[in-house]
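Undergrad: Have a look at this fold, sequence not included:
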């Protein structure tokens, strides 16, 4: 849902008189660490189904430490505390479940569920009876016209914070958040 939230934020920002070019003035510190965290997670998703490696859950947790550091350094920007709260909610359920985000198995394609059941689900795994903090897992089913997704409560917080940050950033000419 990241792309949908990004598009909605940009549209709302433009309709409310903001400029896309103003986002360059946000002065997000250590933005490259956010990119590194997402590259780590994308790499896990790509490599784990293909290659067995016991280190993937540790890399997943490491990616969250990069996010926490970066969010902390940017805490003065509007929406960051909400993004931080969502990231923390996702981190808790991931850390307590072996470094993988548990997902609802009943709405997954059978082939994907089989991959996850075999322990090859990248950053995700199936919810089982032993899953801790299931209420924070990817359990909320969102049916978009072009795709279906599972999201978590943490994802909702992250998306709301991102929406606030982008709209605020588009509506401001300069930002001084040191």
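TA: Everything's here; your move. Keep in mind it's a predicted model, so treat the numbers as computed, not measured.

Undergrad: in terms of contact, does residue 153 touch residue 133 like I think?
TA: No. Between residue 153 and residue 133 there is no contact under C-beta atoms under 8 Å: 10.1 Å. (Glycine included, C-beta is placed from N, CA and C.)

Undergrad: In terms of neighbours, single out the busier of these two.
TA: Ranked by neighbour count (other C-beta atoms under 10 Å), residue 153 and residue 133 place residue 153 first, with 18 against 14.

Undergrad: ok, now how distant is the more buried one from residue 75?
TA: Going from residue 153 to residue 75 by C-beta to C-beta, to the nearest Å gives 21 Å.

Undergrad: Now do the strands in the protein.
TA: 101-103, 124-126, 140-144, 147-151 (DSSP state E).

Undergrad: show me what contacts the nearest residue to residue 57 once chain neighbours are set aside?
TA: Nearest non-adjacent residue to residue 57, counting by C-beta to C-beta, 6 or more residues apart in numbering: residue 99, 2.3 Å away. The contact partners of residue 99, taken as C-beta atoms under 8 Å, 6 or more residues apart in numbering, are 56, 57, 58, 60, 61.

Undergrad: between those residues, which is closest to residue 42?
TA: residue 60 (11.3 Å; C-beta to C-beta).

Undergrad: residues contacting that closest one?
TA: 40, 41, 44, 94, 99, 100, 123.

Undergrad: Recalculate using a threshold of 7 Å.
TA: 41, 44, 94, 99, 100, 123 (C-beta atoms under 7 Å, 6 or more residues apart in numbering).

Undergrad: Which of these fall in helices?
TA: With helices taken from DSSP state H, the overlap with those comprises 41, 44, 94.

Undergrad: mind checking how far the second one is from residue 7?
TA: Using C-beta to C-beta, we find residue 44 at a distance of 26 Å from residue 7.
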